[in-house]
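S.K.: below are the sequence and a predicted model for it; my questions follow.
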Protein chains: 2
Amino acid sequence: MKNSQINMMNNFINTGKNSVLKSRIGRKSLHRKIVNDLDDIIPLFQNGQYLGWSGFAGTNYPKVIPIALANHVEQNELQGKMKFNLFVGASTGQETEDRWAALDMISRRYPHQVGKNIQKGINSGRIKFADGHLSTFANDITYGYYTMNKPKGGNSMDIVIIEATEITEQGWIIPGASVGIAPELIQMADKIIVELNTSMPSYRGVHDIVSIDQPPHTKPFQITRVDDRIGYPAIPCDPEKIVAIIESQLPDSTPASVPADAVSKSIANHIVEFLKREISKGFLPKNLLPLQSGIGNIANAVIGGIHNGPFDNINVWTEVIQDTFLDFFESGKLNFASTTSIRFSQSGFNRLFNNWKSYSTKFVLRNQSISNSAEMIRRLGVISMNTPVEFDIYGHANSTCVAGSRMLNGIGGSGEFNRNSKLAIMHAPSVRPSKTDPLGVSTIVPFCTHVDHTEHDVDIYVTEQGLADLRGLSPTERAVSIIENCAHPVYKPILMDYFKSSQEICLKNGSAHEPHQIDKCFKMHTNLNEKGTMRIDSW
Amino acid sequence: MKNSQINMMNNFINTGKNSVLKSRIGRKSLHRKIVNDLDDIIPLFQNGQYLGWSGFAGTNYPKVIPIALANHVEQNELQGKMKFNLFVGASTGQETEDRWAALDMISRRYPHQVGKNIQKGINSGRIKFADGHLSTFANDITYGYYTMNKPKGGNSMDIVIIEATEITEQGWIIPGASVGIAPELIQMADKIIVELNTSMPSYRGVHDIVSIDQPPHTKPFQITRVDDRIGYPAIPCDPEKIVAIIESQLPDSTPASVPADAVSKSIANHIVEFLKREISKGFLPKNLLPLQSGIGNIANAVIGGIHNGPFDNINVWTEVIQDTFLDFFESGKLNFASTTSIRFSQSGFNRLFNNWKSYSTKFVLRNQSISNSAEMIRRLGVISMNTPVEFDIYGHANSTCVAGSRMLNGIGGSGEFNRNSKLAIMHAPSVRPSKTDPLGVSTIVPFCTHVDHTEHDVDIYVTEQGLADLRGLSPTERAVSIIENCAHPVYKPILMDYFKSSQEICLKNGSAHEPHQIDKCFKMHTNLNEKGTMRIDSW
């Protein structure tokens, strides 16, 4: 089984000769669990197992063992013969889950993913995938909802692989840049393997880990401010479950931060102006309310815009913070940030590590079952900002399935934040290019081809064209506001035509609450399919 | 302005000559607010005002004044000239809001309603309506989201009319059979009119009223059991806002309870068998977890079925309890019920009043902002059961808009319970009759014409055909389970054909995560429109 690629990985994990590694393992009895030869670990893994990994939004996921397993499968031509059911809080890195997908090593993967190969596997029916709300998922996995059909039974994960930055005197685990569902996975693991990453500082002190009880024994989260702490600084862990500890020095493969483009800047500007108006009307305090912001360039630009705006003493309650938050740390405009993941670029992480002493007092990393909980989002009155694939004239949004069928990444936390925030904002460019038409795809459509967020959930839609404030409006009022404020000029008359003609028809048959023509509502989409553009000639 | 109908109402409210009335008003200084002539009240109401009423699910809504106003409009031919923006926690009675709708007295009505005339008004575009989650709505109204576009400004309700059963020594209000958003409305009222209903006992002692603070000053709901109390037994009220108190002896016009039919019984049976299996697997405790059940005959039958099943010491966390809960009170199988409304039939209310001393210790009435809060539903691990209009093969459900456009009643609490319950069950007959075909309308469709509940929210679908347990399944697995277990035999091949052909097409173009044909997905609906049945000849 030994092969050159595993040798290479072995060289990698042996460089420190364990002295640094041991200094990070407070519980001495665990030193004997240190493994230096990956060949000793590979045989633990068998086709059909249920695996849990730490990780969220591409940080703090295990790397050494997933890469070694991929090498093993490749070397021994085991593609399709060594497949796993893989559960992670959210996405991991390209070099792990996406490579596994390319090597046909994944039979089932819940509840979120990123990567071309894994998407291809999902959309070709090879990988069973279901996306889900991230906080609910964290609860449901402990209820046994994802292991109840496990052939050999038992509400457990066969092997859980956790990236840690330290192990405490009690044998508890201090993760790195994310928490995700690591506490839940550790709780339901048969065996635990720890990848202790010595290439980064120990994150001791920045986590607030809560063991979530199950109904009827659950308790309120006693948090009323973003900086309240109610848990432990490490993940409780039965040390007897730990079967191996290996050293890792592989960094998270996060992408570089991309500068904001004109469209993102324009969206950010609309949002900043709106927030200023809300403050002046007395609807928001001067330091706003805790902010949540999704992943991506628009989100990054919006946070940059808010940073440059007239706001101070900002609080953040979110699931992931990106590079522009570092400016908040630096300028002192941030009071405190609560998140379940830090997803900085490599240069961003360097900036964090170089200022560790001051920046690490400015944030806390929590279980995703708390960062994304309806309870906390509603209590704190979060202002949330997320990007959909498309949204419709009545205010429904699609975050996941292109043309109703092709999965992108999954709903992530957008549903939890949209529904429970005091102000739920969704932002997107009004148009995207198709292969043949630079304005070929309108983000605003008559009817979403997949609904992840209902008309009951989103307060504000923003594009570079403008902002539609839907609060208190009826569906037909929303349609006018969305089309007039958000649609691209090329699509305004097309969408208004659909709305007006639907209204006329539905008024005749007494069904004009939310006027539609269900025989035509997807015509822009089918036109895109057939002619490469949503610019239809007529309805 | 005086007219014969108002005279009749005056006779009605004067019968007690105020002695009983006064005995129910603990705060003596409020006795001078007693009004015996409705003519003194009518002039307070003016076209365009923002009105709030107490009431939820057709109980504890004001009756005397709404009826007097309707009489006034009818008598003086003011139809369309005296219109109001009307906000109530949920629905009221036919003789009030529905009559107002018939008289064109409603310009805007949020967030839920019941009645043929009000539905007609909404679907003819005459009444602006938007449905919303009931707990969120209760918060949003205090945020000012429903009054922000009020022409004369100010985050207030011009007049709030509350049905009470007593006023305390402090001048606080004890409502009757529901709480709804009465506390929020009283808090944001310019003027308050109390209809004190002396035809029923005082409900003193059964309410737990919480004043909800706004972010960033909100607090956890310190409730971990259905019978925990964290509030006041009455609604705090500034007595200076009370401009009038009138006596009412009108009962709530709740409908009679309908005996369960074969379909409902079969659905109930599938659910009871499922719950028994969950207990035997250790997924549920022997006394289950707190139950929520929607309104309607299926819900009533299911609660009856659970009552007759092998369950004991049952807890209930719901928004409304119906007649079959009285059997639970009587048999002693109920530990405790928390709700925001009791919606008994007339005979059911008599049964309650006749056993007041024992039954009234078995339940608590809470704000709908708490009964329906995501925080509480998730914490308690509720088992929820609600009826959709239709659901699709991948697990989305439509609760509100027939054929995408025609509003029925609104989403009510179904979204809050579906998303946050530990076990979210939706139940419906597999088919309903069309005008020409007794099996003309399939409840299971390829694609919901309106999505209120996403595939991420519902765990179990049940029809009289069987039960589909979707927990942990991917979309294509869900489709097979739903079609095989829930669809009517007549529609099974039609739906399976859609699924299989969609899968074949989507596999070819790499979009088979949730296979659809968006040019065909509503064909069963358009066929129903054109030919009176969803039984299509071919896809």
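M.R.: Now that the structure is in, tell me what you want to look at. Remember, predicted model here, so these are calculated numbers, not experimental data.

S.K.: flag the shaky bits of chain A, pLDDT-wise.
M.R.: A:1-17 (pLDDT under 70).

S.K.: now find how far off-centre the longest helix seen in it is within its chain.
M.R.: Scanning chain A for the helix with the most residues, using DSSP state H, yields helix A:262-280. What separates the centre of helix A:262-280 from the centre of its chain is 24 Å, taken as Cα atoms, centre = their mean, to the nearest Å.

S.K.: for the stretch 151-300 of chain A, what lies in contact range of chain B?
M.R.: A:214-216, A:218-225, A:281, A:283, A:285, A:289-290 (Cβ under 8 Å from any Cβ of the partner chain). Heads up, the C-betas are built off the backbone N, CA and C, glycines and all.

S.K.: try it again with 6 Å
M.R.: A:215, A:218, A:220, A:289 (Cβ under 6 Å from any Cβ of the partner chain).

S.K.: how much space between residue A:127 and residue A:522?
M.R.: 27 Å (Cβ to Cβ, to the nearest Å).

S.K.: hey, where'd the strands end up in the stretch 101-250 of chain A?
M.R.: Applying DSSP state E, counting those that start in this stretch to the stretch 101-250 of chain A gives strands spanning A:106-110, A:128-129, A:157-167, A:173-175, A:189-197, A:207-208, A:242-248.

S.K.: possible to save the ones you listed as a markdown table with mean neighbour count?
M.R.: Shown next, in a markdown table, are the strands of the stretch 101-250 of chain A (neighbours: other Cβ atoms under 10 Å in any protein chain shown):
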| stretch | mean neighbour count |
| --- | --- |
| strand A:106-110 | 21 |
| strand A:128-129 | 22 |
| strand A:157-167 | 26 |
| strand A:173-175 | 26 |
| strand A:189-197 | 24 |
| strand A:207-208 | 23 |
| strand A:242-248 | 22 |
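
S.K.: and these as JSON lines, adding distance to residue B:167?
M.R.: Converted to JSON lines, the strands of the stretch 101-250 of chain A look like this (distance: least, Cβ to Cβ, whole Å):
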{"stretch": "strand A:106-110", "distance to residue B:167": "54"}
{"stretch": "strand A:128-129", "distance to residue B:167": "58"}
{"stretch": "strand A:157-167", "distance to residue B:167": "58"}
{"stretch": "strand A:173-175", "distance to residue B:167": "57"}
{"stretch": "strand A:189-197", "distance to residue B:167": "59"}
{"stretch": "strand A:207-208", "distance to residue B:167": "46"}
{"stretch": "strand A:242-248", "distance to residue B:167": "64"}
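
S.K.: for residue B:387, which of these is the nearest?
M.R.: strand A:106-110 (28.6 Å; Cβ to Cβ).

S.K.: ok, the closest residue to chain B within the stretch 351-500 of chain A - how many residues close by?
M.R.: Among the residues of the stretch 351-500 of chain A, residue A:381 lies closest to chain B, at 2.4 Å counting by Cβ to the nearest Cβ. For residue A:381, the count of nearby residues is 23 (other Cβ atoms under 10 Å in any protein chain shown).

S.K.: now do the phi/psi pair for residue A:385.
M.R.: In terms of degrees, to the nearest 10, the main-chain angles of residue A:385 are phi -140, psi 120.

S.K.: the helix or strand containing residue A:350: what's the following helix or strand?
M.R.: Assigned by DSSP states H and E, residue A:350 falls within helix A:346-354. Going down the chain from helix A:346-354, the next helix or strand is helix A:356-359, by DSSP H and E.

S.K.: can you list the buried residues in that following helix?
M.R.: Using 16 or more other Cβ atoms under 10 Å in any protein chain shown as the test for burial, helix A:356-359 gives residue A:359.

S.K.: check stretch A:49-66 too.
M.R.: A:49-66.

S.K.: stretch A:166-184 now?
M.R.: A:166-168, A:171-184.

S.K.: ditto for stretch A:494-508
M.R.: Counting neighbours by 16+ other Cβ under 10 Å, stretch A:494-508 gives A:494, A:495, A:496, A:498, A:499, A:502, A:503, A:505, A:506 as buried.

S.K.: go back to these and keep what's next to chain B.
M.R.: Within these, those near chain B by Cβ under 6 Å from any Cβ are residue A:506.

S.K.: which of the buried residues of stretch A:494-508 sits closest to residue A:250?
M.R.: Nearest to residue A:250 among the buried residues of stretch A:494-508, with distances taken as Cβ to Cβ, is residue A:495, at 48.3 Å.

S.K.: phi, psi for that closest one please.
M.R.: Residue torsions, per degrees, to the nearest 10, at residue A:495 are phi -70, psi -40.

S.K.: what helix or strand is residue A:467 on?
M.R.: Counting by DSSP H and E, residue A:467 is part of strand A:466-469.

S.K.: dump the residue contacts of residue A:423.
M.R.: A:383, A:459 (Cβ atoms under 6 Å, 6 or more residues apart in numbering or on different chains).

S.K.: hmm, try it at 8 Å
M.R.: A:278, A:284, A:289, A:382, A:383, A:384, A:459, A:460 (Cβ atoms under 8 Å, 6 or more residues apart in numbering or on different chains).

S.K.: what segments of the stretch 301-450 of chain A are helices?
M.R.: A:324-331, A:346-354, A:356-359, A:368-371, A:374-380, A:414-420 (DSSP state H, counting those that start in this stretch).

S.K.: and what of the stretch 101-250 of chain A?
M.R.: Under DSSP H, counting those that start in this stretch, the stretch 101-250 of chain A gives helices at A:116-123, A:134-143, A:182-187.

S.K.: any idea of the angle the first one forms with strand A:106-110?
M.R.: In this structure, helix A:116-123 runs at an angle of 90 degrees to strand A:106-110, with axes from the mean of the first three to the mean of the last three Cα atoms, to 10 degrees as the basis.

S.K.: swap in the second one?
M.R.: Orientation check (the same axes, to 10 degrees): helix A:134-143 against strand A:106-110 gives 120 degrees.

S.K.: what does helix A:134-143 rub up against?
M.R.: A:87, A:89-90, A:110-112, A:132, A:146-147, A:181, A:184-185, A:187-188, A:212, A:214, A:319, A:367-374, A:412-413, A:416, B:283, B:378, B:419-420, B:422, B:456, B:471.

S.K.: what of the shortest one?
M.R.: Helix A:182-187 has contacts (Cβ under 8 Å, 6+ apart) with A:52-54, A:60, A:87, A:89, A:138, A:141-142, A:157, A:160, A:162, A:173, A:175, A:192, A:209-212, A:235-237, A:241, A:367, A:369.

S.K.: surely residue A:376 touches residue A:368?
M.R.: No. Using Cβ atoms under 8 Å as the test, residue A:376 is too far from residue A:368 to be in contact (11.2 Å).

S.K.: have a look at these two and say which one is more surrounded.
M.R.: More crowded of residue A:376 and residue A:368, by other Cβ under 10 Å: residue A:368, with 31 against 25.

S.K.: shouldn't the more buried one be in contact with residue A:212?
M.R.: No. Residue A:368 lies out of contact with residue A:212 (Cβ under 8 Å); the separation is 10.7 Å.

S.K.: I'd like the buried residues of stretch A:494-508 as JSON lines, with secondary structure and distance to residue A:401 appended.
M.R.: Output for the buried residues of stretch A:494-508, formatted as JSON lines (DSSP: H, G, I helix; E, B strand; the rest coil; distance: Cβ to Cβ, whole Å):
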{"residue": "A:494", "secondary structure": "helix", "distance to residue A:401": "23"}
{"residue": "A:495", "secondary structure": "helix", "distance to residue A:401": "21"}
{"residue": "A:496", "secondary structure": "helix", "distance to residue A:401": "26"}
{"residue": "A:498", "secondary structure": "helix", "distance to residue A:401": "21"}
{"residue": "A:499", "secondary structure": "helix", "distance to residue A:401": "24"}
{"residue": "A:502", "secondary structure": "helix", "distance to residue A:401": "24"}
{"residue": "A:503", "secondary structure": "helix", "distance to residue A:401": "28"}
{"residue": "A:505", "secondary structure": "helix", "distance to residue A:401": "28"}
{"residue": "A:506", "secondary structure": "helix", "distance to residue A:401": "27"}
